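*Asks:* pasting the structure only:
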């Protein structure tokens, strides 16, 4: 657990379980290295009464991945967020792993995970493996927003109603990460500039579409000014 998480006494078992799982898969990637960033962006803490918050970010790179980003945030002691995106290096035919969990008090209002395609025909490499994962336990799947055409047809998006569903979501994330890490270990780099450029454009569009999710900026604007929020979203969350 990072120092900032310890200081703020984050003990939410669901978020910690997911964090442990994601970090374990990340540690198995080849040539894993930390990415140095401005400390002001990696750990953000405020103890102002009524506007308590902390945000902690972890940045790494590895073979096949240009940026592995994990963000944990807590706002006003009630809203808790776990956000994770693993952006592939465009030289490699690897999908974009994305996972978000939004928890208000004890209610998980949103839980989403996907391996989003980063080239035209890429999802044929993993589509079957994702489609056979059992999701029957979940009773409150949610509709993908209009901007979410960047996701694969196997994207999972739901509210989690009980402990059984929370445990099942942790297992689901684990399964998606197993598929991702297996792919990353078998794929070799490409040097065809045309396909590399296509993958860059797919990642760029992924970021542009994600930035259309107004909920992200609306939460941050309650604590920061618009300039800071725009900079954080474009440079930390969805840079390309």
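*Replies:* Right, received. Where do you want to start? Quick caveat, the model's predicted, so the values are computed rather than measured.

*Asks:* Just the strands from this structure, written as ranges.
*Replies:* For the chain, the strands defined by DSSP state E occupy 33-34, 43-46, 53-62, 65-75, 79-88, 96-104, 107-116, 156-160.

*Asks:* Out of those, which is closest to residue 136?
*Replies:* If you check each of those against residue 136 by Cβ to Cβ, strand 156-160 wins as the nearest, at 12.0 Å. No exception for glycine: its C-beta is placed from N, CA and C like everyone else's.

*Asks:* same for the closest one, what does it pack against?
*Replies:* Under the contact criterion of 3 or more Cβ pairs under 8 Å, 6 or more residues apart in numbering; DSSP states H and E, strand 156-160 touches strand 107-116, helix 163-186.

*Asks:* Name the residues that touch it?
*Replies:* 107-114, 135, 138, 140-144, 165-166, 169, 172 (Cβ atoms under 8 Å, 6 or more residues apart in numbering).

*Asks:* how about low-confidence regions in this structure?
*Replies:* Judged by pLDDT under 70, the chain has its weakly predicted residues at 1-11, 123.

*Asks:* related to what we said a few turns ago, kindly compare burial across the helices and strands packed on strand 156-160 and name the winner.
*Replies:* Ranked by mean neighbour count, the helices and strands packed on strand 156-160 are led by strand 107-116 with a mean of 21 (mean count of other Cβ atoms under 10 Å).

*Asks:* in its sheet, what does that strand sit against?
*Replies:* strand 96-104 (antiparallel), strand 156-160 (antiparallel) (DSSP bridges).
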